[in-house]
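J.: no letters, just coordinates:
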């Protein structure tokens, strides 16, 4: 039997999972900041219907943020981007899956920007500084607002290289912006009851 709980103490708080992180990544701020080289995923999957999280680009460099299956490779940023087990937004505004850029944000992302991810088990949408950003594929094909076709039990994943530093917000007290889509909320921690 499972239940969802809103974090009230640090044992039930969504954060980056150090035990599964790449070997050369550094996780700081109680699991809410990543730097070094490599990737990490959160300590819980997304189980509710409408989830939102954020990442602030504290220092530019090479980075990725998105969603991935539990077996998505976390050793390096490039492996995460090339994997068929993850869907990630990169520093160039491209959304990568299985080694291909499948879409691109219609605006650049810069140091100091806050990237939001909204996921409802159907579509992954991105926002920058609190506003939804449309995606395009190819030269002119505009996608609705997000990426579809994500399947399986997904975890937030993030990766860094080349001096990049990202601060993560998994719960509302760490958000810079309110979720841009109605009824989306912080990631809830899954609690398994005996």
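T.: On my side now, so go ahead. Because the structure is predicted, anything quoted here is derived from the model rather than measured.

J.: please count neighbours and contacts with C-alpha atoms only from this point.
T.: Fine.

J.: partners of the residue most central in space within the chain in the sheet?
T.: Geometric centre of the chain, nearest residue: residue 66, 3.4 Å, by CA atoms, centre = their mean. Under DSSP bridges, the beta-bridge partners of residue 66 are residue 88, residue 157.

J.: which residues touch it?
T.: 86-89, 117, 156-158 (CA atoms under 8 Å, 6 or more residues apart in numbering).

J.: again, but for residue 161
T.: So residue 161 contacts 35-38, 61-63, 77 (CA under 8 Å, 6+ apart).

J.: also residue 149?
T.: By CA under 8 Å, 6+ apart, the contact set of residue 149 is 122-123.

J.: distance check, it against residue 86.
T.: 11 Å (CA to CA, to the nearest Å).

J.: now residue 128
T.: 20 Å.

J.: what lies in contact with the longest strand along the chain?
T.: In the chain, taking DSSP state E as the definition, the longest strand is strand 51-59. Contact with strand 51-59 is made by 65, 110-120, 163-171, 175-176, 179, 184-187, as judged by CA under 8 Å, 6+ apart.

J.: now do stretch 67-84
T.: Identification of contacts with stretch 67-84 by CA under 8 Å, 6+ apart yields 20-24, 37-41, 63-64, 85-88, 96-100, 152-157, 159-161.
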